[in-house]
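J.: What follows is a predicted protein model with its sequence.
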Amino acid sequence: MTVLEVLQSTTAYFTKRGLESPRLNAEHLLAHSLGKKRIELYLEFERALLETELAPLRELVRRRGRGEPLQHLLGTVEFCTHTFLCDKRALIPRPETEELVELLQSKIANPKSKILDVGTGSGVIALSLAAKFPEAEVHALDISDDALALARENAERLGLSARVQFLRGDLLTTVTHVYDIIVANLPYVATAERGQVSREVLCDPEEAVFAGPTGEELTRELIETAPARLTAGGLLALEIGLGQAEALLRFFSEKGYHDISARQDHAGVTRFLFARHG
């Protein structure tokens, strides 16, 4: 089979399996198995593939067809122009979280800000901010030893190990410093919605996805406890779940925050909340 024929047959298989963007998935997996860039495939459409080249691809296609995330199969994910290691130890970074980082960057007036990323996972938020603001002091916190190990590997990969301090803890219970900015993409899916999430999301660590009966539990706890760990006028920036904005905006007001604002993601969902305290 030629490169083009393999792409066509794989795309058809993924389409039958109900995968989103089946052609893109096929291109990523073929390029990965051949050790090439996706764009290079377009220059080799007519090249016949050897059996030794097809064998590893078949296994990747089988696993993807069963719902294993593309990012886990590739082992990496692109986020804010950087390439991060990605595996089952932490939540797969989503495009919405890139939007959060971009919005937050525009709000950081002091390049020497002290920043805490709560629930850092693979470290994408903390490391992206550390790369953007080389004078900032960045701390990254997570309750999972596995996630922290992955985040440290990413820091090493990006040459940022000396720039980011990694901490283990449950939200802010072990935090002793105060910060100009606290940012978090916490679990926000309600446990009752388990049957509605995709196969790919169910491959993420459960504690990185589900927050409790309403999905707002961890976010509310952070909103309530963050003032003690924010400098005067410090900023709390959050990514939240679908339909949670109205209630959480009220909760911000009840807890004495000001300059409260909400922003939509590219899909038009109110996804990001920002507020200051003190």
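T.: That came through fine.
J.: quick one: the nearest residue to residue 102 once chain neighbours are set aside and residue 243, what's the gap?
T.: Of all residues not flanking residue 102 in the chain, residue 80 sits nearest, at 7.5 Å (CB to CB, 6 or more residues apart in numbering). Glycine gets a C-beta too; all of them are placed from N, C-alpha and C. Distance of residue 80 to residue 243, given as CB to CB, to the nearest Å: 27 Å.
J.: Just want to know which of those two has more residues nearby.
T.: residue 80 (18 against 12; other CB atoms under 10 Å).
J.: thought the more buried one was touching residue 97?
T.: No. At 9.1 Å, residue 80 does not count as touching residue 97 under the criterion of CB atoms under 8 Å.
J.: what do these two both touch?
T.: Here residue 80 and residue 97 share the contacting residues residue 124, scored by CB atoms under 8 Å, 6 or more residues apart in numbering.
J.: okay, now the domains of this protein?
T.: 3-66, 89-277 (automatic domain parsing).
J.: Pipe those into TSV and attach mean pLDDT per row.
T.: Formatted as TSV, those follow (pLDDT from 0 to 100):
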stretch	mean pLDDT
domain 3-66	95
domain 89-277	97
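J.: Please tabulate those in TSV, including the columns distance to residue 73.
T.: TSV is the format used below for the domains of the chain (distance: least, CB to CB, whole Å):
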stretch	distance to residue 73
domain 3-66	5
domain 89-277	11
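J.: Deepest-packed of the ones you listed, please.
T.: domain 89-277 (a mean of 18; mean count of other CB atoms under 10 Å).
J.: now it: how far from the chain's centre is it?
T.: 10 Å (CA atoms, centre = their mean, to the nearest Å).
J.: Ends of that domain, what's the gap?
T.: Length of domain 89-277, first residue to last, CA to CA, to the nearest Å: 33 Å.
J.: swap in stretch 169-177?
T.: 13 Å.
J.: Name the surrounding residues that touch that stretch.
T.: By CB under 8 Å, 6+ apart, stretch 169-177 touches 114, 116, 118-119, 139, 141-143, 167-168, 218, 221-222, 225-226, 228-229.
J.: For residue 75, see how far away the closest residue to residue 26 other than its chain neighbours is.
T.: Nearest non-adjacent residue to residue 26, counting by CB to CB, 6+ apart: residue 10, 3.9 Å away. According to CB to CB, residue 10 and residue 75 sit 19 Å apart.
J.: Ok, residue 97 next?
T.: Distance from residue 97 to residue 75, by CB to CB: 19 Å.
J.: would you list every one of the strands in the stretch 1-150 of the chain?
T.: With strands called from DSSP state E, counting those that start in this stretch, the stretch 1-150 of the chain shows them at 76-79, 82-85, 114-118, 137-142.
J.: and of those strands, who's closest to residue 58?
T.: Closest of the strands of the stretch 1-150 of the chain to residue 58 is strand 76-79, at 21.2 Å (criterion: CB to CB).
J.: So which elements touch the closest one?
T.: strand 82-85 (3 or more CB pairs under 8 Å, 6 or more residues apart in numbering; DSSP states H and E).
J.: Give me the residues contacting the strand it packs on.
T.: Residues outside strand 82-85 that contact it (CB under 8 Å, 6+ apart) are 75-78, 93, 122-124, 127-128, 131, 150, 153-154, 157-158.
J.: pLDDT averaged over it - what is it?
T.: Mean pLDDT, computed over strand 82-85, is 97.
J.: Give me the spatial nearest neighbour of residue 183, chain neighbours excluded.
T.: Using CB to CB, 6+ apart and skipping residues adjacent in sequence, the residue nearest residue 183 is residue 237, 4.4 Å away.
J.: surely the one you found meets residue 107?
T.: Yes. Residue 237 is within contact range of residue 107, at 7.4 Å (criterion: CB under 8 Å).
J.: got any residues that touch both of the two?
T.: residue 274.
J.: picking that back up, from residue 91, how far off is the residue nearest to residue 102?
T.: 16 Å.
J.: list the contacts for residue 256?
T.: Taking CB under 8 Å, 6+ apart, one finds 227, 277 in contact with residue 256.
J.: tell me the contacts of the nearest residue to residue 168 once chain neighbours are set aside?
T.: Spatial nearest neighbour of residue 168, excluding adjacent residues (CB to CB, 6+ apart): residue 148 at 6.1 Å. Residue 148 makes contact with 120, 140, 142, 166, 168, according to CB under 8 Å, 6+ apart.
J.: Right, I'll call it a day here.
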